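Student: Need coordinates for the below:
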Amino acid sequence: MQDYKKLGFRCGLEIHRQLETHKLFCNCPSIVHDGNPNIFFERKLRAVAGETGAVDLAALHEMSKGKTIRYEACDTSSCLVEMDEEPPRALNQHALDTVLMVAMMMHARIVDQVQVMRKTVVDGSNVSGFQRTMLVATGGYIETSKGRVNVPTICLEEEAAKKISEDENSVTFRLDRLGIPLIEIATDASIKDPEHAKEAAAMIGMMLKSTGRVKSGIGTIRQDVNISIEGKSRVEIKGFQDLRTIPLVIETEVKRQLSLKDSKPEVRKANPDGSTVFLRPMPGAERMYPETDVLTVEITKQRIKMIGLPELISEKAMKYEKQYGMNPDLAREIVEEGMPFDSYVKSLPDVDPVFIAHTFVNSPKEIRKRYNLDCSLPERDFLEVLSYLGKGMINKDAVFEMLAEKAKGNPVDVSKYRQLSAGDLEAEIRKIAGQNKGASVNALMGEIMKRYRGKVDGKKVMEILKALSKQL
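Tutor: Coordinates of the predicted model:
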């Protein structure tokens, strides 16, 4: 095992997450996977000098490829702003408020004025040849099990277009993703080891999800990792979709750097096996210059005061654990899924809250696994079936059976699942035991459950069978 402190290990994260709102500089909806494209055009992009008067090396590297950039778009999710045929419209204030909220959650210092900047990007992922970005806050931090990780910058920027295909002479991008608001959170190099990097990324992800204002799913969040060891240059690794791969990629990159005689700052792409490949030289400050088409936004104390802070997912899950004696994983899943769990408990006062949680979280998974069905039952179906349980009309086993029938599209008759009375249940068990003399308790249990699944409580059946076996 590597001694990362002895190696002079330095590591920082850049977390990018799409926000759940319309695009950043127009009113087009943020449809990440829009339908069939009906707009097509081509461009050639050229690197220009930044605010310092110099041209960025990474931009020059991309321009040297000389590729034709092809674009395709849908008029339902892209307009002339994405095509760089119209100036950007006013900044999306809801997106800015979301970033201000996160900045407050991370104890950061919010800037007095938000100035939009242009960042040169000529790989084709931005039609204009630059990405708009703005600094919102500085000097934040998060707490982890291995100490505080500082967050020097929190930014708001626009998402890039999605690469569809590439060959030696051209590259094709889709514009449905271009312009979606992104929050970018950058930590300093205080991360101590690969597992600590994963923990910090998870903590930031949890805080973002707690806002209820970020997108979820593949492609909506990306983690970049900056790594260096003593005597070697900093390398930025891109391409993390799943934070579980972060430790492996960091470990592999450290081994690669140890094997190098010479190194240079560069950007690399992460592969599924933990290896990385060269993408381009490390970009520098030369690619930044002010955006002249968008007004600056003053951040007033009154505006900040109006933004409420959300309850963290971790805190809410812990509350459910303590209040209901719930399994931590189940509590976390309820909160992360955004279920209105408190309202479920209130509307079903005679049903165990833990069983309510279990039904909403695990029943769809079990139905999918057992019957190969895409279980997307509406909330009303769950509440209807659980209400029968609360009224004593059915037992817990019947809940799953009824939900499975609904998932299959079959009509459900609650009378078919009515529980046997205690006397009828014992009489039926005695009858089956008499018909199967010599059978084990487990064999009898299987036979009874096969006949009366959904109508009897398995725990009660086993109690009666054990008591009966002692009498015989």
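Student: which residues of the protein score low on pLDDT?
Tutor: 51, 285, 419-425, 438, 452-458, 470-472 (pLDDT under 70).
Student: If we use 80, what do you get?
Tutor: 1, 34-35, 45-63, 66, 239, 241, 283-287, 374-375, 417-472 (pLDDT under 80).
Student: Now for it: which helix has the highest residue count?
Tutor: helix 353-371 (DSSP state H).
Student: Show me which positions of that helix end up buried.
Tutor: 353, 356-361, 363-364, 367 (16 or more other Cβ atoms under 10 Å). Placement of C-beta: from N, CA and C, glycine included.
Student: so Val441 touches Ser469, yeah?
Tutor: Yes. Val441 is in contact with Ser469 according to Cβ atoms under 8 Å; the separation is 5.7 Å.
Student: what about the strands in the stretch 1-150 of the chain?
Tutor: 10-18, 39-43, 68-73, 109-110, 113-114, 116-120, 130-144, 147-158 (DSSP state E, counting those that start in this stretch).
Student: Strand 147-158 and the first one, what's the angle between them?
Tutor: In terms of direction (axes from the mean of the first three to the mean of the last three Cα atoms, to 10 degrees), strand 10-18 departs from strand 147-158 by 40 degrees.
Student: Next: the second one.
Tutor: Between strand 39-43 and strand 147-158, the angle comes out at 100 degrees (the same axes, to 10 degrees).
Student: Neighbouring strands - and their directions - for strand 39-43?
Tutor: Partners of strand 39-43 in the sheet, by DSSP bridges, are strand 68-73 (antiparallel).
Student: what pairs with the residue nearest to Lys215 when sequence neighbours are not counted across the strands?
Tutor: Nearest residue to Lys215, sequence neighbours excluded (Cβ to Cβ, 6 or more residues apart in numbering): Gln18, at 4.2 Å. Beta-bridge partners for Gln18, by DSSP bridges, are Leu182.
Student: of the strands of the stretch 1-150 of the chain, which approaches Ile394 most closely?
Tutor: Among these, the nearest to Ile394 by Cβ to Cβ is strand 10-18 (42.5 Å).
Student: Show me what the closest one is packed up against.
Tutor: strand 181-186, helix 194-210, strand 221-228 (3 or more Cβ pairs under 8 Å, 6 or more residues apart in numbering; DSSP states H and E).
Student: which of those is buried the deepest?
Tutor: strand 181-186 (a mean of 24; mean count of other Cβ atoms under 10 Å).
Student: Just the angle for that one relative to strand 147-158, thanks.
Tutor: Using the same axes, to 10 degrees: strand 181-186 against strand 147-158 is 150 degrees.
Student: Check the offset of strand 181-186 from the chain's centre.
Tutor: Remark: strand 181-186 is offset 14 Å from the chain centroid, using Cα atoms, centre = their mean, to the nearest Å.
Student: Residues contacting that strand, please?
Tutor: 12-19, 21, 23-24, 30, 92, 95, 98-99, 102, 106, 133, 151-159, 204, 208, 214 (Cβ atoms under 8 Å, 6 or more residues apart in numbering).
Student: Equivalent analysis for stretch 113-120, please.
Tutor: Contacts for stretch 113-120 (Cβ under 8 Å, 6+ apart): 47-48, 50, 56, 59, 91, 96, 129-136, 156-157, 286-291, 294, 296-299.
Student: So how do I select the buried members of those in PyMOL?
Tutor: In PyMOL, a selection of the buried entries from the contacts of stretch 113-120 looks like this (16+ other Cβ under 10 Å):
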select buried, resi 47+48+50+56+59+91+96+129+130+131+132+133+134+135+136+156+157+286+287+288+289+291+294+297+299
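Student: hmm, back to that, just name the closest of the buried residues of helix 353-371 to Glu384, please.
Tutor: Looking across the buried residues of helix 353-371 and measuring by Cβ to Cβ, the closest to Glu384 is Thr359, at 11.8 Å.
Student: wait, that closest one sits on Asp381?
Tutor: No. Judged on Cβ under 8 Å, Thr359 makes no contact with Asp381 at a distance of 10.7 Å.
Student: Find the residues that touch each one of the two.
Tutor: Leu403.
Student: Return the residues in contact with Asp56.
Tutor: 47, 50, 120, 283-284, 286-287.
Student: Distance check, Glu315 against Arg332.
Tutor: 11 Å (Cβ to Cβ, to the nearest Å).
Student: Can you give me the domain boundaries for the chain?
Tutor: 10-306, 313-417, 422-471 (automatic domain parsing).
Student: Buried deepest among these, which one?
Tutor: Of these, domain 10-306 is the most buried (mean count of other Cβ under 10 Å), at a mean of 18.
Student: centre of the chain versus that domain, how much separation?
Tutor: 16 Å.
Student: From start to finish, how long is it in a straight line?
Tutor: With Cα to Cα, to the nearest Å applied, domain 10-306 spans 38 Å between its terminal residues.
Student: Just the CA trace of stretch 16-27, in PDB.
Tutor: As requested, the backbone C-alpha atoms of stretch 16-27 are provided in PDB (Å, rounded to 0.1, in the frame of the first residue of the first chain):
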ATOM      1  CA  HIS A  16     -19.700  19.600 -12.400                       C
ATOM      2  CA  ARG A  17     -23.400  19.100 -12.000                       C
ATOM      3  CA  GLN A  18     -26.300  20.100 -14.300                       C
ATOM      4  CA  LEU A  19     -29.000  22.200 -12.700                       C
ATOM      5  CA  GLU A  20     -32.700  21.500 -13.000                       C
ATOM      6  CA  THR A  21     -33.900  24.600 -14.900                       C
ATOM      7  CA  HIS A  22     -34.000  26.000 -18.400                       C
ATOM      8  CA  LYS A  23     -30.800  26.900 -20.300                       C
ATOM      9  CA  LEU A  24     -28.400  29.500 -18.900                       C
ATOM     10  CA  PHE A  25     -28.700  32.200 -21.600                       C
ATOM     11  CA  CYS A  26     -32.000  31.500 -23.300                       C
ATOM     12  CA  ASN A  27     -35.400  30.000 -22.400                       C
END
